[in-house]
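J.: For reference, the sequence and a predicted model appear below.
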Amino acid sequence: LATLRHLLNFLNCIVVIMKVATLLALIGSAAAFAPSAVQKTSTALNGALDDMPGATAPFKGFDPLGLATLGSEETLAWFRAAELKHSRCAMLATTGYLVQAAGWHFPGMLSSTEGISFADLSAMKPLDAWAAVPETGRSQIYFTIFLAEIITEVKGPHYTKGGDLPTIVFPPINFSNVPAETLKKKQDAELNNGRLAMIAIMSFCAAANIPGSVPALAGNPMF
């Protein structure tokens with residue numbers, strides 16, 4: 001029953017993703033019939049996409065669904081901020097999954113009232129360990145994520161209005177003294193590593209919920 005529940009949850013996520021992708025594809029198709037002024041804006045946005053951090057070989061300007069041309073420059077900035085946030089979350093998730101799978105953990109108790117130690121969680125598969133965290137502990141994590149999101153969104157001017165893209169809340173990192181060329185390389189690296197991490201954590205979740213779905217991870221005890 002647990003395996004079936006995990007499978008249904010994973011399939012539901014896939015269905016949602018497919019619906020969103022289909023909607024975006026339809027919107028992109030409708031944009032082909034827009035007036036010439038919109039087409040000029042789309043051309044300008046395509047040019048902006050090629051100049052943005054992350055537009056590197058071998059897929060420079062990779063945008064098969066034309067998402068970069070769906071709206072205005074504000075829309076493109078929102079998409080980039082979303083990609084940046086998801087990349088950072090995926091890198092943390094992938095690293096956390098690997099650390100958990102390796103058996104590394106903090107000493108002591110996670111919850112003395114519930115009688116759960118970090119060693120107990122380390123003996124479980126990562127997704128099972130998350131499910132075993134007490135509700136109060138998960139609520140604290142959710143609140144921290146919510147707080148970090150609020151902090152990045154209330155800073156002015158907003159990134160959709162020409163302000164800086166969201167930065168890491170903790171620990172704060174100052175790149176103001178970094179040369180422009182070096183900063184561009186670091187931004188490219190962050191986005192490319194984040195994109196790879198998004199693929200990795202999706203593969204981990206698929207392998208953990210659907211046995212054999214990721215051949216490279218088949219038979220691994222942590223999936």
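T.: Arrived safely, thanks for sending. Numbering: from 1, shown residues only.

J.: Please enumerate the helices of this protein.
T.: Ranges of helices in the chain, per DSSP state H, are 2-30, 36-51, 73-102, 118-122, 126-132, 135-154, 180-209.

J.: need the least confident one among these, by mean pLDDT.
T.: Among those, helix 2-30 has the lowest mean pLDDT, at a mean of 45.

J.: Find the nearest non-adjacent residue to residue 124, please.
T.: Nearest residue to residue 124 in three dimensions, chain neighbours excluded: residue 132, at 6.3 Å (Cβ to Cβ, 6 or more residues apart in numbering). All C-beta spots, glycine's among them, are computed from the backbone N, C-alpha and C.

J.: Show the contacting residues for the one you found.
T.: Residues near residue 132 by Cβ atoms under 8 Å, 6 or more residues apart in numbering: 116, 120-121, 124.

J.: mind redoing it with 10 Å?
T.: Residues in contact with residue 132 (Cβ atoms under 10 Å, 6 or more residues apart in numbering) are 110-111, 114, 116, 120-121, 124.

J.: Next: residue 156.
T.: Residues counted as contacts of residue 156 (Cβ under 10 Å, 6+ apart) are residue 163.

J.: how far away is the residue nearest to the spatial centre of the chain from residue 201?
T.: With distances taken as Cα atoms, centre = their mean, the chain has residue 86 as the residue nearest its mean C-alpha position (2.1 Å). Distance from residue 86 to residue 201, counting by Cβ to Cβ, to the nearest Å: 10 Å.

J.: any common contacting residues for those two?
T.: Here residue 86 and residue 201 share the contacting residues residue 93, scored by Cβ under 10 Å, 6+ apart.

J.: Now for the closest residue to residue 136 other than its chain neighbours, how many residues are close by?
T.: Leaving out its chain neighbours, the residue that sits closest to residue 136 by Cβ to Cβ, 6+ apart is residue 111, at 7.8 Å. As a burial measure, residue 111 scores 15 neighbours (other Cβ atoms under 10 Å).

J.: And residue 174, by the same measure?
T.: By other Cβ under 10 Å, the residues close to residue 174 number 7.

J.: for it, phi and psi?
T.: phi -100, psi 120 (degrees, to the nearest 10).

J.: Hmm, it is touching residue 164, no?
T.: No: counting by Cβ atoms under 10 Å, residue 164 is not a contact partner of residue 174; they are 12.0 Å apart.

J.: okay, how far is it across stretch 120-130, tip to tip?
T.: Stretch 120-130 has an end-to-end distance of 12 Å (Cα to Cα, to the nearest Å).

J.: returning to what we had before: quick one: contacts for the residue nearest to residue 136?
T.: By Cβ under 10 Å, 6+ apart, the residues touching residue 111 are 117-118, 120, 132-134, 136-137.

J.: How much space separates residue 151 from residue 140?
T.: According to Cβ to Cβ, residue 151 and residue 140 sit 16 Å apart.
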